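Chemist: Test case, fold it:
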Amino acid sequence: MTDPKKRLRRLDDIETRNLWARAQARAHAPEQPSPVLEGPSIGRRIVTIGVAFALFAAAGVFLFTQFEGAGPAPDESSPAPNETLTDGDPSTELSVTCTDEGASIEGAPVKLLSDGVHIRVAEEGGMTFFLMRDPVKPGRSVGFDMDEGATTERSIPIEPGTWVATCLDAATGTADVPLSAFSAPFEIVDPDNVWHTLHEAGECGEPLPEPLATAGNDAPLAASVTGRLTVQAWNYDTGEGRAFFVNADGSDLAPIAPDQPDVSDIELSPDGTRIVLVIPDDDGDPTVTNASTEDSEIYVMNADGSGLRRLTDNRASDDLVRWTPEGRLSFRSNRDRALTLYTMNADGSAAHRLLDSKSADFHDWSPDGTRLAYIGDAKPVDAGCSFARELFVSNADGSDPVALTSDELYQQDPAWSPDGSTIAFTASNQSDYAWEIFLVDADGSDPRRVTSYDGYDQNPVWSPDGSMIAFTSDRSKGPDRRGEDQGGVPYVMNADGSGVQALLVPADLGLEGDWDLYVTDWRA
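Modeler: Next up, the predicted model:
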């Protein structure tokens with residue numbers, strides 16, 4: 001299970017923290033060698049997407065990104081919420097000069113055309129990433145990679161309104177950059193009223209297949225919902241991440257790492273004695289002196305909460321960590337700039353890159369440990385969309401990868417069934433913010449869609465006997481057609497999609513307010 005902060009809104013965007021501080025240090029101390037930045041060259045999500053779409057940088061393949069999430073509040077250095085910047089007739093191209101001092105803008109206001117806003121960025125200061133955002137809504141942002149010393153051109157569907165821009169030396173989300181850094185305001189106008197057409201009719205990829213006839217049917221569950229769940233909770237308003245053990249009926253609640261304000265990627269070891277988790281490093285490491293204070297790092301602790309111990313310490317983001325069946329760890333990292341998968345021992349030793357792929361992230365191990373399912377190998381699709389992401393299966397050492405999907409959909413969340421015969425995953429066509437759960441046989445045969453809902457069905461987790469699947473959905477709130485709030489709470493259904501019913505709500509975990517919940521593990 002990935003950190004819910006990085007789901008949909010960031011798609012697979014990896015949050016490389018403190019990039020702004022490093023960019024500033026580089027700008028104000030040019031005589032000093034700049035640190036090696038091991039940021040991505042997508043995430044999710046988003047993300048996101050769908051949730052609004054985060055379209056991200058992945059191993060150097062990046063179209064554009066709309067990040068969603070918490071960010072700094074507006075300040076006096078940026079345009080007021082309703083301030084208009086319109087001055088004169090609109091141009092048809094926004095010309096940007098990107099230096100280590102930020103972005104300078106010419107051609108504003110810029111006109112929204114039938115294929116989006118035409119943006120031309122000339123890079124002159126060693127910066128490699130252009131980022132713009134709405135000064136009031138930090139989640140509404142767009143960014144793209146640039147080549148050093150080159151001019152980059154993009155045509156991007158972007159909502160009209162006031163925006164501000166900056167330039168960075170690596171890809172990042174807006175939550176990492178203070179609003180005061182966006183020193184170049186400009187306005188996008190829509191005199192021909194084309195935004196509605198771009199927003200509503202901009203189809204990405206191909207239509208989703210029809211669901212099974214059983215999907216959503218009112219039927220009894222195959223068995224009683226019992227067992228022990230690991231649940232991740234995330235609050236977008238406060239920026240808190242929490243985790244819990246809880247019985248499926250809501251009893252015997254036990255917080256995981258309650259002293260840590262922001263934990264993610266929680267997973268119980270195969271033997272149930274240890275927990276692996278990810279903690280952001282903004283405030284330093286609570287257990288190791290002289291630790292790097294950047295990005296996210298992997299920790300392990302005993303199942304009773306004792307013995308918290310840091311396993312990674314670098315300037316990269318290490319996350320999406322999973323236990324292998326034999327008790328090692330696999331994880332995603334951008335430590336060599338490619339956003340791909342690595343493995344290491346449970347004590348943090350012997351880390352090495354697992355895949356040749358330059359773009360891989362969500363993954364899961366077959367129950368016998370001989371095969372790896374993962375999402376990877378981005379490929380561009382239609383203009384205005386992100387890119388297709390396919391489901392692969394390889395040998396445990398990463399060799400002989402085989403694509404189990406080959407379409408223009410965006411796949412996420414692979415999960416092996418307990419008997420190893422089937423893989424559950426989610427997919428979206430990136431145009432209507434709907435995500436559905438699919439199953440496919442482990443050899444790639446018989447793909448089938450098992451949910452039928454216009455909103456967000458994500459994060460499938462199998463019951464211990466393989467008869468049911470828990471998942472997160474926004475069904476209790478109804479689908480958000482703008483894709484800006486695609487969190488939810490856990491539901492459970494039969495493996496054929498029938499018998500959907502609610503599983504847990506925040507109050508079951510003693511939480512008040514608007515929390516999104518994700519089941520990450522289900523044990524007998």
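Chemist: The residue lying farthest from the centre of the chain: what's it in contact with?
Modeler: Centroid-distance maximum for the chain: Gly88 at 39.4 Å, with Cα atoms, centre = their mean. When contacts are counted by Cβ atoms under 8 Å, 6 or more residues apart in numbering, Gly88 touches Pro109. Quick note: C-beta positions are derived from backbone N, CA and C, even for glycine.
Chemist: switch the cut-off to 6 Å
Modeler: Residues near Gly88 by Cβ atoms under 6 Å, 6 or more residues apart in numbering: none.
Chemist: Tell me the first helix or strand C-terminal of the worst-scoring helix or strand of the chain on mean pLDDT.
Modeler: Using mean pLDDT, DSSP states H and E, strand 61-62 stands out as the lowest-scoring helix or strand of the chain, at a mean of 28. Beyond strand 61-62 on the C-terminal side, the first helix or strand identified by DSSP states H and E is strand 94-99.
Chemist: Residues contacting the helix or strand where Leu229 lies, please?
Modeler: Using DSSP H and E, Leu229 falls within strand 228-235. For strand 228-235, the surrounding residues in contact (Cβ under 6 Å, 6+ apart) are 4, 241-246, 248, 266, 268, 515-523.
Chemist: which intervals of the stretch 201-350 of the chain have sub-threshold pLDDT?
Modeler: Low-confidence segments of the stretch 201-350 of the chain (pLDDT under 70): 201-205, 282-294.
Chemist: All the strands of it, residue numbers only.
Modeler: 228-235, 240-247, 254-256, 264-268, 274-280, 296-302, 309-310, 318-323, 329-336, 338-344 (DSSP state E, counting those that start in this stretch).
Chemist: try the stretch 51-200 of the chain
Modeler: Counting by DSSP E, counting those that start in this stretch, the strands of the stretch 51-200 of the chain are 57-58, 61-62, 94-99, 102-106, 110-111, 117-123, 129-133, 141-145, 151-156, 161-168, 184-189.
Chemist: Now the third one - C-alpha only, CSV.
Modeler: Written as CSV, here are the backbone C-alpha positions of strand 94-99 (Å, rounded to 0.1, in the frame of the first residue of the first chain):
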residue,chain,number,x,y,z
LEU,A,94,3.5,32.4,-22.5
SER,A,95,7.3,33.0,-22.8
VAL,A,96,9.3,32.1,-19.6
THR,A,97,12.9,32.6,-18.8
CYS,A,98,14.0,30.2,-16.1
THR,A,99,17.1,31.0,-14.0
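Chemist: what is the orientation angle of it with strand 151-156?
Modeler: The directions of strand 94-99 and strand 151-156 differ by 140 degrees, with axes from the mean of the first three to the mean of the last three Cα atoms, to 10 degrees as the criterion.
Chemist: So which bits of strand 94-99 are buried?
Modeler: Leu94, Ser95, Val96, Thr97, Cys98 (16 or more other Cβ atoms under 10 Å).
Chemist: Who are the packing partners of that strand?
Modeler: Identification of packing neighbours for strand 94-99 by 3 or more Cβ pairs under 6 Å, 6 or more residues apart in numbering; DSSP states H and E yields strand 102-106, strand 117-123.
Chemist: next one: stretch 210-220 to chain centre, how far?
Modeler: 29 Å (Cα atoms, centre = their mean, to the nearest Å).
Chemist: now do stretch 423-442
Modeler: Counting by Cα atoms, centre = their mean, stretch 423-442 comes out at 15 Å from the chain centroid.
Chemist: gap between the two ends of that stretch?
Modeler: The separation between the terminal residues of stretch 423-442, taken as Cα to Cα, to the nearest Å, is 6 Å.
Chemist: can you tell me the average pLDDT over it?
Modeler: The pLDDT scores in stretch 423-442 average 88.
Chemist: Show me which of the contacts of strand 228-235 are buried.
Modeler: 4, 241-246, 248, 266, 268, 515-522.
Chemist: Please enumerate the helices of this structure.
Modeler: Ranges of helices in the chain, per DSSP state H, are 19-28, 195-201.
Chemist: can you tell me which of those helices the model trusts least?
Modeler: What stands lowest among those, in mean pLDDT terms, is helix 19-28, with a mean of 39.
Chemist: can you dump the C-alpha coordinates of the strand holding Leu229 into PDB?
Modeler: The C-alpha coordinates for strand 228-235 follow below in PDB (Å, rounded to 0.1, in the frame of the first residue of the first chain):
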ATOM      1  CA  ARG A 228      -6.800  -8.500  11.900                       C
ATOM      2  CA  LEU A 229      -6.400  -5.400   9.700                       C
ATOM      3  CA  THR A 230      -3.500  -2.900   9.300                       C
ATOM      4  CA  VAL A 231      -5.100   0.500   8.500                       C
ATOM      5  CA  GLN A 232      -3.400   3.700   7.300                       C
ATOM      6  CA  ALA A 233      -5.200   7.000   8.000                       C
ATOM      7  CA  TRP A 234      -4.500  10.300   6.400                       C
ATOM      8  CA  ASN A 235      -5.900  13.700   7.100                       C
END
